[in-house]
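> below are the sequence and a predicted model for it; my questions follow.
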Amino acid sequence: MARIVSIKDAVSLIKDGATVMIGGFLSCGAPDKLIDELVKQNAKNLTMISNDTSIPNKDKGKLIVNKQVKKLITSHIGTNPETGRQMEAGEIEVELTPMGSLMERIRAKGAGLGGVLTPTGVGTAIAEGKKVYELDNKKYLFEKPISADFALIYGTKADKYGNVSYFGTTRNCNTVMATAADTVIVQADEIVDCLDPNEVVIPGLFIDYIVDGQK
């Protein structure tokens, strides 16, 4: 069963050099309170896996501005000029991955797959150093799964068993990231005794810790 803990205690588990997946599409569905505490505790040399780096003064963008990230695996950085500046200056390593490929690589880890084949990126810089397979006269890149030490995700509601539900598009990256990390921490807007089974999007077996996003 997932444990309900304080935001401070949950984030204290993340040490220097950890690999951290962070949910959200820009600020939609981003676990902002967990991120703020991670900035406060100032763990360094992190590898961050996220859809984006938001904007400089918002959620994931704060980690970039605070120079806590040494390596970034993401789909786009255009909304955060500081990410681009650090990349050009050699202050951060950035691995750009097409959005669909990024989500499938994370999903592959959660599903126990050895990787995925995708036509996206064939013949481009994305293919450099990767294996290319030809099936039925079509070329595919082999993309390896992505895992993390921690996943910081958001949920609209969570129950004491760790089950999580979502409203609207806030589920975005959160659902796949919950399956692909060693330790999963969910920031919930509301914690209830027991969700209706029809509401459950992420089963509690994937969740290790729950924090109250309203505190």
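On my side now, so go ahead.

> and for the longest helix along the chain, what's in contact with it?
Using DSSP state H to define each element, the chain has its longest helix at helix 99-111. Residues outside helix 99-111 that contact it (CB atoms under 8 Å, 6 or more residues apart in numbering): 21, 49, 51, 73-76, 97, 114-116, 118, 120-121, 126, 141, 143-147, 173, 176-180. (Each C-beta comes from the backbone N, C-alpha and C, glycine too.)

> which of those fall in helices?
Filtering those for helices - DSSP H - leaves Val176, Met177.

> kindly give a single PyMOL line that selects the buried subset of the contacts of helix 99-111.
A single PyMOL command selects the buried members of the contacts of helix 99-111 (16 or more other CB atoms under 10 Å):
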select buried, resi 21+49+51+73+74+75+97+116+118+120+121+126+141+143+145+146+147+173+176+177+178+179+180
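
> and Ile77, what are its phi and psi?
Ile77 has phi and psi values of phi -130, psi 10 when expressed as degrees, to the nearest 10.

> how near is it to Pro98?
Using CB to CB, to the nearest Å, Ile77 is found at 13 Å from Pro98.

> out of the two, which sits in the busier spot?
Ile77 (21 against 17; other CB atoms under 10 Å).

> separation between the more buried one and Met48?
Per CB to CB, Ile77 is found 11 Å from Met48.

> do the same with Pro31
According to CB to CB, Pro31 stands 13 Å off from Met48.

> between those two, what contacts are shared?
Ile22.

> so between these two, which is more surrounded?
Between Pro31 and Met48, counted using other CB under 10 Å, Pro31 has the larger neighbour count: 27 against 24.

> so what's that one up against?
Going by CB under 8 Å, 6+ apart, Pro31 touches Ile22, Gly23, Gly24, Asp59, Leu152, Ile153, Tyr154, Ile185, Val186, Gln187, Gly213.

> ok, Thr79 next?
Leu26, Asp52, Thr53, Ser54, Ile55.

> for the second one, which residues make a bridge with it?
To tie it back to what came earlier, the one meant is Asp52. Per DSSP bridges, the residues bridged to Asp52 are His76.

> alpha carbons of stretch 35-45, as PDB, please.
Taking C-alpha atoms only, stretch 35-45 is exported to PDB below (Å, rounded to 0.1, in the frame of the first residue of the first chain):
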ATOM      1  CA  ILE A  35       9.100  20.400  -8.000                       C
ATOM      2  CA  ASP A  36       9.200  23.400  -5.800                       C
ATOM      3  CA  GLU A  37      10.400  21.200  -2.900                       C
ATOM      4  CA  LEU A  38      13.000  19.600  -5.200                       C
ATOM      5  CA  VAL A  39      14.300  23.100  -6.000                       C
ATOM      6  CA  LYS A  40      14.300  24.000  -2.300                       C
ATOM      7  CA  GLN A  41      16.300  20.900  -1.300                       C
ATOM      8  CA  ASN A  42      18.600  21.500  -4.300                       C
ATOM      9  CA  ALA A  43      19.600  18.000  -5.300                       C
ATOM     10  CA  LYS A  44      22.200  18.400  -8.100                       C
ATOM     11  CA  ASN A  45      23.500  16.600 -11.200                       C
END
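
> thank you, goodbye.
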